[in-house]
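S.K.: Fold the following for me, if possible:
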Amino acid sequence: MNLRIGDSILVLTDQRVQYSFDMKNGELSRINETAAHVLEMADGTHSAQVIFDNLADRLGRDKAEKSRKWIEKAVESGIIIAQSNSEPAVKHKAHELHVIASCLYANSETRKAYLVQKRAIQIEPVDPMNWHQMGELAHAMGYLEEARVAYEHYFTHFPSDPGVAHILCALRNEPPPSRAPDAFVKNLYQNFSVFYEENMCGELQYAAPDRLFSAIKKCISGYTNLIAADLGCGTGLFGMRLRQICTRLIGVDLSPEMLVKAKLRDAYDMLECAEITHWLSCDPQEQFDLITFCDTLIYFGDLQQVVSGCIHHLKPAGFIAFTLEKGDVFPFKLSDSGRFQHHRNHIRDLARNANVKIVHRSEEVLRLEYGKPVIGLVTVLQKN
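M.R.: I've put the predicted structure just below:
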């Protein structure tokens, strides 16, 4: 009887660890080197005896006997098929595996998706879309050098892709730009909007809205009937809190998909789709008591370009409140996530140059990322 690996079974490798993956039921099992070798030999042309003799030469007959028992169990479970002919094992196509990896990733099964996509690359190393997904998955796994290589393969075919250019800037440790490209942010949230709140409030334990709102309440004690602008309002998670202290609330965001979600909350008196520095550069239609940026300025490096624009839209003694991701490089750096991290002294210099005073600054956990806390700078400035 010849042995053939099951039609739905893949042998996958990650960091020198080998797995079998059943595409039918999604089961991923770690296997040892010997089992992987058996599955590779089970191509439909080798008999069980030939495979056993090969193992005996490699391992010795005693160890090969133990492998024989594993082969028998593999046949019983369908991982290996015993056949009387020489029908070859199925040769999976790269596109087929690419689609499977996409589905796994959409279901948050990132490790499985990464392993399957890696196999697709081995089969078809030319297709740029295979490399793009490989970059995204390696990035999500924290394999930054592998992500850089994959994105560079893709970038040779699509050098005008602003999102990949931005990520590569970080992965190559190049000098950071002053801000993330609009196209990068729009594309990010076009895809993210579908599961944004489920992901942020669930898995990532998103706390930035509560942290920022608590800081604002401490600073505005005694202020009533506030008129506020929530810039980078997203789906309105922060706007829901602001509504408690505002008589009028405006929301502005670059992503139309996120604004659709925000509109459903009915927290805003007006919503506008615009890039915020452009919005701030226009002549003020009204003056605000408070302008907020909850996890918005993580897409800007030099914050002077934003804060200077806010001054013209604020009433005397008005407030600017925001969250940042804390960084250890002055004044800021572009992290491998494509977001900026700011040094606390950048806020000091920013306040001095903009002639505003810091009325609140604290370090708080904003959310989790890869299971680790993200420390943020929660800040409130006041116009002199």
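S.K.: show me what contacts the closest residue to residue 93 other than its chain neighbours?
M.R.: Distance criterion CB to CB, 6 or more residues apart in numbering; nearest residue to residue 93, sequence neighbours excluded, is residue 123 at 7.1 Å. C-beta coordinates here come from the backbone N, C-alpha and C atoms, glycine included. Neighbour list for residue 123: 92, 93, 94, 97 [criterion: CB atoms under 8 Å, 6 or more residues apart in numbering].
S.K.: Dihedrals phi and psi, the first one?
M.R.: It refers to residue 92. Main-chain dihedrals, residue 92, degrees, to the nearest 10: phi -70, psi 140.
S.K.: Just to check, it is in contact with residue 10?
M.R.: Yes: Residue 92 lies in contact with residue 10 (CB atoms under 8 Å); the separation is 7.0 Å.
S.K.: Mind listing the shared neighbours of those two?
M.R.: residue 119.
S.K.: Would you mind writing the CA trace of stretch 10-26 as PDB?
M.R.: This file holds the C-alpha atoms of stretch 10-26, laid out as PDB (Å, rounded to 0.1, in the frame of the first residue of the first chain):
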ATOM      1  CA  LEU A  10      -0.500  20.900   5.100                       C
ATOM      2  CA  VAL A  11       2.900  20.700   6.700                       C
ATOM      3  CA  LEU A  12       3.800  24.100   7.900                       C
ATOM      4  CA  THR A  13       6.900  25.600   9.600                       C
ATOM      5  CA  ASP A  14       7.500  28.500  11.900                       C
ATOM      6  CA  GLN A  15      10.700  29.300  13.800                       C
ATOM      7  CA  ARG A  16      12.000  25.800  13.100                       C
ATOM      8  CA  VAL A  17       8.800  24.300  14.700                       C
ATOM      9  CA  GLN A  18       6.700  22.100  12.400                       C
ATOM     10  CA  TYR A  19       3.000  21.700  12.300                       C
ATOM     11  CA  SER A  20       0.300  19.800  10.500                       C
ATOM     12  CA  PHE A  21      -2.700  21.800   9.600                       C
ATOM     13  CA  ASP A  22      -6.100  20.400   8.500                       C
ATOM     14  CA  MET A  23      -7.800  22.900   6.200                       C
ATOM     15  CA  LYS A  24     -11.200  21.100   6.700                       C
ATOM     16  CA  ASN A  25     -11.500  21.500  10.500                       C
ATOM     17  CA  GLY A  26      -8.900  24.200  11.100                       C
END
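S.K.: What residues of that stretch count as buried?
M.R.: 10, 11, 12, 18, 19, 20, 21, 22, 23 (16 or more other CB atoms under 10 Å).
S.K.: Show the model's pLDDT score for the fourth one.
M.R.: Per-residue pLDDT puts residue 18 at 95.
S.K.: quick one: it and residue 36 touch, right?
M.R.: Yes: using CB under 8 Å, residue 18 makes contact with residue 36 at a distance of 4.3 Å.
S.K.: shared neighbours of those two, anything?
M.R.: Contact criterion CB under 8 Å, 6+ apart; residues shared by residue 18 and residue 36: residue 11.
S.K.: Could I get the full set of helices for the stretch 51-200 of the chain?
M.R.: All helices of the stretch 51-200 of the chain, identified by DSSP state H, counting those that start in this stretch, fall at 61-77, 94-106, 110-123, 128-141, 144-157, 162-171, 182-192, 196-198.
S.K.: Would you mind giving these as a markdown table with mean pLDDT and distance to residue 369 added?
M.R.: Shown next, in a markdown table, are these (pLDDT from 0 to 100; distance: least, CB to CB, whole Å):
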| stretch | mean pLDDT | distance to residue 369 |
| --- | --- | --- |
| helix 61-77 | 89 | 38 |
| helix 94-106 | 95 | 17 |
| helix 110-123 | 96 | 13 |
| helix 128-141 | 95 | 11 |
| helix 144-157 | 97 | 14 |
| helix 162-171 | 94 | 15 |
| helix 182-192 | 86 | 14 |
| helix 196-198 | 77 | 15 |
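S.K.: Report the contact partners of the residue found closest to residue 189 once you drop the neighbours it is linked to in the chain.
M.R.: The spatially closest residue to residue 189, leaving aside those adjacent along the chain, is residue 255, at 3.9 Å (CB to CB, 6+ apart). Shown in contact with residue 255 (CB under 8 Å, 6+ apart): 185, 186, 189, 190, 193, 234, 273.
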